[in-house]
Every structure is written in structure tokens, then in C-alpha cells.
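Undergrad: below is the sequence, then the predicted model.
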Amino acid sequence: MNGGVAVHLQGLRRTFGTVHALDGLDLELHPGELIALLGPSGCGKTTALRVLAGLEDADSGTVVVDGKDITGLPANRRDMGMVFQAYSLFPHLTARQNVEFGLRLRKRGADKNRAAEMLELVGIASHADRYPHQLSGGQQQRVALARALAIRPTVLLLDEPLSALDAKVRVQLREEIKRIQTEVGTTTLFVTHDQEEALAVADRVGVMRSGRLEQLGAPADVYLSPATAFVADFVGLSNRLPGVLKGDGVEVMGTALPLVTPASGDKTQVTALVRPESVDVVPDTDGPGKVLTASFLGPFSRVIVQVGDALVTAQVASGRVTELAPGTRVRLEIRPVAVALEGTS
Amino acid sequence: MARLSFRRKQSIFRWVVLTLLGIFFLLPIVAMVEFTTRGEQSTWSTLINWPELSATYPDLAEGILMSLGQAALTAVLMLALLVPTAIWVRLRLPGLRRLVEFICLLPLTIPAIVLVVGLAPVYAWVNYLIGGSSLTLTFAYTILVLPYAYRAIDAGLSAIDVKTLAEAARSLGSSWFTVMARVVLPNIRSAVLSAAFLTVALVLGEFTIASLLNRTNLQVAINLLGKSSATMSVAVSLAALLLAFVLLLLLSLVGDRRKRSAS
Amino acid sequence: MAGVLRRALGTVPFFAYVAIFLVTPTLVVVIGAFAGDRGGVTLANVRALGESYVLDAFGRSILLSASTALIGAVLGALLAYALVTARPNGLLRRAVTAASGVLAQFGGVTLAFAFIATIGLSGFATVFLREQVGVDIYAGGVWLFELPGLILVYTYFQIPLMVIVFLPALDGIRPQWREAAESLGGSTWVYWTKVAGPLLAPSFLGSALLLFANAFSAYATAAALVSQGNPIIPLQIRGALTSEVVLGQANLGKAMALGMIVVVAVVMALYALLQRRTAKWLG
């Protein structure tokens, strides 16, 4: 609906005591885009969002929204819709009154339709007159989303909005957030520590570590071509397999694999990070490995294979799991997908 | 920079409030110290010298002894009455829990001055049956401390899973007495201790019932003393206040330890 | 059935005890309020509550309780708010909460003497102000032993009580609410009037009611401070208990006591009602 504006965070620094929550963070959000900031706790992703919201001051750096420098602007004059982790609804107001709160402040109180429209959008219209304590956690977050969107915010800020919810509700709601965000087209910053969530909702994912951006790219890029070992390790599960550098690539268990970042030093011993889905397990009575466990995860199963002293995790289609009973001798085959090396960044 | 100035404002507000109210609350205590150390008086040396004190102020000495006796007896009677009942009701008669709670909290809505009106005829019987000693005030005091003691013990019982503990003990062959004395009681030790501390603190500060039933205790003695020796009465007041401070400080320490061991 | 009875036996000592020392005295008051001097049911005692000196005493009691509840609630709430803005487990907060616990119970004779030592005729502050500043606080008469004095002295235990009962409500206020209000465009004023104010109002009111009941029931402080006249109801009851019985008014004390129970019970019921609402919002 509203086209969305560009957001530019430039050189943000913020120190709490001796901890650098933000260490010169640069981040640009294109108009209408949803960027997910992903990282372990303490990486500064929430601080970045709060600085953008005006709820936290940066020690240095600037915040530019729609071409205007708003660094010194207080939070209540920034027009940003924010959804918190949990419990942010005003408990003495009904769902509808919560949504109307921001509208009334803008003298759009008469705009009853806007509140109703928003509650409809988030699928909670039938519960409009309930109080927060009468709503489930997922419903509360839907109302919080409606409240944030009702004021037609310049930017939508989502601070771990799903982390307090059950797994099933979490998946359902994140799909809805994606749908609604696409529909209204508001530029959105979504902070999460859950990689699956980030990859599922974002147009681009920014992986953060120690107050800096490690990689910013489309979900598929971040997952398939991690820029650094940290990203490879944090996004998805990785096996650490010994390898030898050879030419432009690395040889792991007899298979030559391309590298995400070129490395020099022919014949050097390295550790490559290989995703479970890149490893295939084939029954072979003369194979070097032995199946240790196989756990069923729905369409896929996770098989752990012991090779010498090392344990390798592989992901195979569940239909094949019967032939991979614990104790079966197997050989491993690695698909030639680009990998990262440990210790590089 | 909006955030920083907000925090600074908060911190200025905090110190202004704390300073002004701090003066209000410390002034009387400072004044008591000043009042009792004016000129060349031997107030404090008399107060800490028991033989001299009981010789000079026999009424005060008696009041102190009576208060200590009342505090000890009330604590014992309260525990004997409340602890087994609270545990038993939780374990075997959950339907009665609301009633017991209601009764225990009832004294909060019946001011001591009202209770004393109704206690007068009851105490006529107490007089007749076991005499008019000031220690008989224990009976009334046990009622007065009921709400506070009950809440402390109930909180202790809520913090543990009494039912499961009891079922475990029963399945291992314990009698109900063993369940209560050797399984539940050790687990609510600190709650029992806080109830006892609260009881002692409240009894040491009681005046209304003792004074109007013509018995004596520390507060009655202080009040009486105020008419003849203002300095001494202020000194004893200060000593009593400090004692209450120490008692309730110990109580909060007990509470802290309970919280820490629970987490 | 027999099992239930046997189980109920365990509670007999408790119920017997409260029957004698709690229920009986209460019934003595309630029945006595309607009993004539020579037995029989009468409304004379209750009607005697309408006499002007009794009404005045009730009025002064209510004035004393209401004003100290208001002062105590406002100042106590400010102090409690100052505490929640400090570090949650910091020394400051723990020290003040512990001190409040002691001072809220610090009523009675000792408190009266503390104030006599402070602003009595030869009290510390009185003497200091008279000799060093040249201000005589009793120029207009000695007010410490009258209603204004009682108000000042009662404040001393009302403020700490407010801190204890109001602090949990303030702790229930989540920082997200302030931030949500801000991000929706609300100023500090909007936050206090539209969010924090309405959320805290029931708890504040409830706490003030508790303070009212606390002051209304208090006897010892006033008894130690006021020796001339019986300005408030608890002291009127003292008069009824200790002085020679006026003919035909033997049970007037009980009627006044019943009146106190009614006032306190109504106030406490309202308090419980407001607490329930607070628990729902700020639990």
C-alpha cells in the first residue's frame, strides 16, 4: 500500500561497559524490503533495532530514514511500528483499543475503520473486544502487529516477535507476517536468533557477530554460500571435516569441492564445513564408516556415521532409512557444493 | 541523546525523593539519640545494667520480662496451633482450606481495640480459671499474630509440593505423624522461622490489649515511665526500636535464603 | 463418612481456639451492641452512635485516616517509584524495602515517644528551630497532642506501609509498555495518563484503602500521645472501657466497636476487589 522508504544505518557504535554491542554497523534497507538480522544473543542485533526505534542512543553513527537524518529524534516522533518479544499489549485495553491507541494520538480516533481493517488483516477481528489476558500468546502478537501497522509506520520493527510462542504457532505466524508485510509493503527490520525463521521470512538476511554484519544477502546465498566460517557454522548445521587444499578447491574424503572464499596454500591441511544435506550415506560392506544412530525427522532422517574417530552427520530421505540401521557399514559421498573453511573469516 | 537525559532526570528525581524522605524518617531516630544523651545523665548505663535497672525502675523490669515471656509463649502456642493445622488441611481436608485462611486473616479486619472490647468477658473467665498473670495475654496475642504467621507458613507450604512429598512418604510406609514431623516440617523450616520472628516482633510492640486489660508488658511500662522519666522512656523506646530492626532484619535474611535455595 | 470425621478431628484444636478467642469476642461485640443494660434487645446503643460527640469522634477518625492515607499513599508511591528506577537487586532498594518493613510496624508507644523527643516541647527539632532559627513551631498552640500531631505521626508508619503494598504493582509495569507507547507516538505525558496511570490506579486506590483501614484501627500511638479528651473513636472506646459507666450506656463501647468493624470491613472488601483487578493486569 505505502511504497516503503529506504533506511540507512551508518557506522553505528554502542558500548555497554566493556561490551561493544554495535561496532561500526552499516546496514541499508531498500524501500519495502524485509531484512532479518540474525545472530547469537549478544551480537548486537536487538541494539541495532532499538537504535533505529529511538529507544536506545548510539554512541556515534547516524540513522537516515527516507533521506532524513533522524539520529537525534526521540522515539515518539519517529513513526515506527514496533512489535516486541511479548507482553507489550496494554493490559487495561481491549485488542481494538490497543490498535486504536496510536491512531488516537494522531487525532485519527474517528478512524474506526482503520482499527477494524488492521484487526481483519491479522485475522483477529472476531476477538477485537477481548483483553490481552483473554488472548493466547499468538493472538496477542497478532494484535501487537495490527497495533504497529495501524499508524502506517515508516518502518516496521519486529524484535524477536515469535520467540515466546510454541513451535507450531511460530511457523504459522511467521508465514502470516511475511504475507502481511508483502501486502502493506512497509520496510521492515526483523530481529531473530532463529536461523530457520530468518531464512523463511526475509528478503535479505544479515548475519551479525560482535556488533558487525558478517554477511548480508538473500536467504539462499547466506545458506548456500556462507561468506565466512562463522556464517556457515551459525546458519545451518555443519560437519567439520578434515581436507587438503588442492588448486582452487579443497579435497574432502576424496571429493574435490569448490570453496566459497578462495584460499591459497596448496596441500595445506584444513577443516572444511560441510552441511549434512551435502553428505550422502551409501551402504557398502567395505565402507570406512559405520552407522551410529538414525533419527526420524519427518520427510528427512538424520544419520550419524562414525568414520575413524570422527562423527559425520548426514541427512537422507526417510524412505532410505531402513537400509541404514545402526551398525551398517557405509561409505560417504559428498555433493560438490561450495564449502567454507574453519578459521577463515 | 533523548534517552540519556531521561535517565538523568530519573536519577535526580530518585535522589531528591530519597533525601527528603530520608530526613523525615531519620530525624526522630536522631532526636531520640540526642534526647537521651543530653546533659550528664546515666540513662544508657542504667539501661544496660540489669540489677540497677530493676532496682530503679521495677515496673519497667517487670514489663520487659513479661514481654519476653509473652513473645516466647505466643510463638510456641502459635506454632503448635497453626503448623499442624495448616499441613493437615492441605493434605487431608483441602475443602477446609478457604475457611481456615478466612479465619486466619479475619483479625486484619477486627482492630485490636475492638477485639479488646469483646475479650474483656472472655478474660474474666481466664482470670477465674488460671489467674490474672500478664502472661495470659498470650491467648489474645496468638489471635493477633494469626494473619501474619499464617501467611508466612502458607507461603512456605506453597513453595513445596506437600501432596507429592506426603504421597512419597506414605508409599514408603510412613505414618501421618511421620509425614508431618519428619517430611513436611523440615521443608518449611525457614517459613516457620519467619512466622516465629514476626510473632516476636509483633508481641514486643503490643500495647492496646495489655493496657486495656490491665496487664503489663514492655509497651505499657514505657508508657507509664513516660509520665515520670521522659528520658528513660525515650531510651527504652529507642532500644525497643533497634531490637525490632534487628529482628526484622534477621527475618529478611531468612527470607532471602529461602528465595535463593528455591531458585 | 467416618473417615472424614476422623480427619476433621485433626483441626479441632485450631477451631476450638479461634472459637473461644476470636469468634466469641466478635460475637460479644456484635450482640452487645444490640443488648440493653439489663438484657433484652435494644437499638438504644446504636442510636447513641448518633450523639454529636460520637459522630464527631467518627468524623475525626475518618479525617485522620483519610488524610494520612492520602499523604502516605502519595509520598509512599513516589518513594516506591524512586526504588523501581534504581537497580532491582541493588543495595539501595533492598535497604529501603527492609527499613520500610520495620517502620510500617513501628507504631504505638515507641513512635509516640520518638516524636515527643523530636518535636515535643523540649524536643530536638523544636529546640533547634527555636534557638538557632528563631521559629517557634508551637506559637499557635501545642498541636502535637491533637489531630494535626496525630496526622504527622501516623504518616511515619503510613508511608513505609505504602511502599510495601504498592511496590509489587510498580514492579508489574513492564518496560515494553513505555516503549510501545513511545513507538506509537506517545510522549511521557501520554504514557503516564493513558497507560501507567490507568494501570496503577486500582492498585493505588486499593493501597490507599488499606492505609485508611490501618490508620482507622490504630490505637496505641494515639493513646500514648493524647491524654486529654478522646478525639477519635479508638480513644472513645478506651473511655467507655475505663471510665465509670454512664447509666444506660454500658454497651455504647460495643456499638462503637461494631461501627469500627463495619467501616474496616467495607474498606477491606473494596481493597480486595481492587487487588483482584490489579492481579489480572499486573500479575
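TA: Perfect, thanks for sending it.

Undergrad: which helix in chain A runs the most residues?
TA: Looking across chain A with DSSP state H, the single longest helix is helix A:167-184.

Undergrad: mind giving me the packing neighbours of that helix?
TA: helix A:112-121, helix A:137-150, helix A:195-201 (3 or more Cβ pairs under 8 Å, 6 or more residues apart in numbering or on different chains; DSSP states H and E). Glycine gets a C-beta too; all of them are placed from N, C-alpha and C.

Undergrad: identify all contacting residues around the following helix or strand past that helix.
TA: The element immediately downstream of helix A:167-184 (helix or strand, assigned by DSSP states H and E) is strand A:187-192. By Cβ atoms under 8 Å, 6 or more residues apart in numbering or on different chains, the residues outside strand A:187-192 that reach it are A:4-7, A:29-38, A:45-46, A:48-49, A:52, A:154-163, A:177, A:181, A:198, A:201-202.

Undergrad: which residues touch the closest residue to chain A within chain C?
TA: Of all residues in chain C, the one sitting closest to chain A is C:Leu184 (3.5 Å; Cβ to the nearest Cβ). By Cβ under 8 Å, 6+ apart, the residues touching C:Leu184 are A:76, A:81, A:101-102, A:105, A:147-148, A:151.

Undergrad: now the helices: where do they sit in chain A?
TA: Going by DSSP H, chain A shows helices at A:45-53, A:95-105, A:112-121, A:137-150, A:167-184, A:195-201, A:219-224, A:229-234.

Undergrad: returning to that earlier point: give the buried subset of the contacts of strand A:187-192 as a PyMOL selection command.
TA: In PyMOL, a selection of the buried entries from these looks like this (16 or more other Cβ atoms under 10 Å in any protein chain shown):
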select buried, chain A and resi 4+5+6+7+29+32+33+34+35+36+37+38+45+46+48+49+52+154+155+156+157+158+159+160+161+162+177+181+198+201+202
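
Undergrad: inside strands: which ones of the contacts of strand A:187-192?
TA: A:7, A:29, A:34-38, A:155-159 (DSSP state E).

Undergrad: nearest to chain C among the residues you listed?
TA: Checking the ones in strands among the contacts of strand A:187-192 one by one against chain C (Cβ to the nearest Cβ), the nearest turns out to be A:Leu157, at 7.5 Å.

Undergrad: spatially nearest residue to residue 185 (excluding sequence neighbours)?
TA: Picked chain A for this. Among residues not flanking A:Gly185 along the chain, A:Gly32 sits closest, at 4.6 Å (Cβ to Cβ, 6 or more residues apart in numbering or on different chains).

Undergrad: my bad, the chain I had in mind was chain C
TA: A:Leu105 (4.6 Å).

Undergrad: and what of A:Leu38?
TA: In space, and not counting its chain neighbours, A:Leu38 is closest to A:Ala198: 4.1 Å by Cβ to Cβ, 6+ apart.

Undergrad: wait, doesn't that neighbour sit right on A:Gly39?
TA: No: using Cβ atoms under 8 Å, A:Ala198 is not in contact with A:Gly39; the gap is 9.3 Å.

Undergrad: buried residues of the helix or strand of chain B with the lowest mean pLDDT, list them for me.
TA: Using mean pLDDT, DSSP states H and E, helix B:230-262 stands out as the lowest-scoring helix or strand of chain B, at a mean of 75. Buried positions in helix B:230-262, judged by neighbour count with 16+ other Cβ under 10 Å: B:230-241, B:244-245, B:247-248, B:251-252, B:254-255, B:258.

Undergrad: picking that back up, and the contacts of C:Leu184, which are buried?
TA: By 16+ other Cβ under 10 Å, these give A:76, A:81, A:101-102, A:105, A:147-148, A:151 as buried.

Undergrad: make CSV out of those residues and add distance to C:Gly90 and pLDDT.
TA: Shown next, in CSV, are those (distance: Cβ to Cβ, whole Å; pLDDT from 0 to 100):
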residue, distance to C:Gly90, pLDDT
A:Asn76, 29, 89
A:Gly81, 34, 91
A:Phe101, 33, 91
A:Gly102, 35, 89
A:Leu105, 34, 86
A:Arg147, 34, 94
A:Ala148, 34, 93
A:Ile151, 37, 89
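
Undergrad: which one of those is nearest to C:Pro25?
TA: A:Phe101 (52.8 Å; Cβ to Cβ).

Undergrad: so what's the closest one closest to, chain neighbours aside?
TA: That would be C:Leu184: by Cβ to Cβ, 6+ apart, it lies 5.7 Å from A:Phe101.

Undergrad: what does the one you found show for phi and psi?
TA: Main-chain torsions, C:Leu184, degrees, to the nearest 10: phi -90, psi 0.

Undergrad: low-confidence ranges in the chain?
TA: Reading this off chain A. A:1-3, A:108-111, A:343-345 (pLDDT under 70).

Undergrad: um, chain B though
TA: B:1-4, B:40, B:254-263.

Undergrad: is the residue of it found nearest chain C in a helix, a strand, or coil?
TA: Using Cβ to the nearest Cβ, the single residue of chain B nearest to chain C is B:Gly118, 2.8 Å away. Following DSSP: H, G, I helix; E, B strand; the rest coil, we place B:Gly118 in the helix state.

Undergrad: which residues sit in contact with it?
TA: Counting by Cβ under 8 Å, 6+ apart, B:Gly118 has contacts C:24-29, C:32, C:254, C:257.

Undergrad: out of the helices and strands packed on helix A:167-184, deepest packed?
TA: helix A:137-150 (a mean of 25; mean count of other Cβ atoms under 10 Å in any protein chain shown).

Undergrad: just checking, what packs against it?
TA: strand A:80-83, helix A:95-105, helix A:112-121, strand A:155-159, helix A:167-184, helix C:175-183.

Undergrad: quick one: distance of that helix to the chain centre.
TA: 20 Å (Cα atoms, centre = their mean, to the nearest Å).

Undergrad: what angle separates it from helix A:95-105?
TA: 20 degrees (axes from the mean of the first three to the mean of the last three Cα atoms, to 10 degrees).

Undergrad: for C:Val142, which non-adjacent residue is spatially closest?
TA: Nearest non-adjacent residue to C:Val142 (Cβ to Cβ, 6+ apart): C:Leu121, at 6.9 Å.
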